[in-house]
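**Student:** Sequence first, then the predicted structure:
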Amino acid sequence: MTIRITGAPRQFKQAELEQRQAGYHHMYKTTNQCCESVRDEIAFGFLNKIIELNSQGYVLSIKYPITTNPMSYHAAMIKPEHVQALDLEVINERVKQEYIAELQAEHAQYKELLERQLLEKAEKAEQKKVVDKRAKLLESIRTEVNDAYGEELVIPS
């Protein structure tokens, strides 16, 4: 099997990183990741938690239903912008580290393939030298044999 590398490993591109981060930001904003879940078994405790979080800047989410079943009260509250900004910073750093790890893995894979390609090339060259040396030796032996016994058997007529 002949190994042949085409192209080169990708390089770090700020635009690609920002595009990936924007995708994760969109996912964060459109899912329950931007929300805090409020639960309690007692209505009074549930309402106290809602009021407390509201005073901290949280807002009830209209995307998710409020559950008021007996002994099971639940609501989703959207985090304030400053909390979301902190979450997004963490997401940005995680996405950046994943992107860098992906590029490093690709770079290492290309290096390994190039090593294997160069080793294969060197082995083929070495094998060709051995074959050429053997052919040269065989030719020299045939010449020596022909000198000793002649080219062909001489049969008198």
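**Tutor:** That came through fine. Source: prediction; values computed, not measured.
**Student:** Surely Ala8 is within a helix?
**Tutor:** No. Counting by DSSP: H, G, I helix; E, B strand; the rest coil, Ala8 falls outside a helix, being coil.
**Student:** quick one: the residue nearest the centre of the chain from Lys111, how far?
**Tutor:** Nearest residue to the geometric centre of the chain (CA atoms, centre = their mean): Glu102, 3.5 Å. From Glu102 across to Lys111, the span is 15 Å (CB to CB, to the nearest Å). The C-beta positions use only the backbone N, C-alpha and C, and glycine is treated the same way.
**Student:** How about Arg39?
**Tutor:** 51 Å.
**Student:** Ok, His26 next?
**Tutor:** 35 Å.
**Student:** Over to Asn69?
**Tutor:** Taking CB to CB, one finds Asn69 at 59 Å from Lys111.
**Student:** So which of these two has more stuff around it?
**Tutor:** Legend: neighbour count by other CB atoms under 10 Å for Asn69 and Lys111, higher for Lys111 (11 against 7).
**Student:** Give the buried residues for stretch 25-43.
**Tutor:** Going by neighbour count (16 or more other CB atoms under 10 Å), the buried part of stretch 25-43 is 25, 34-36, 38, 40.
**Student:** Tell me which of these fall in helices.
**Tutor:** Counting by DSSP state H, the part of these found in helices is His25.
**Student:** ok, of the buried residues of stretch 25-43, which one's closest to Asn146?
**Tutor:** The closest of the buried residues of stretch 25-43 to Asn146 turns out to be His25 (CB to CB; 83.6 Å).
**Student:** hang on, that closest one packs against Ile91?
**Tutor:** Yes. Counting by CB atoms under 8 Å, His25 touches Ile91, with 7.1 Å between them.
**Student:** Now Tyr73. Nearest residue, chain neighbours left out?
**Tutor:** Phe46 (3.7 Å; CB to CB, 6 or more residues apart in numbering).
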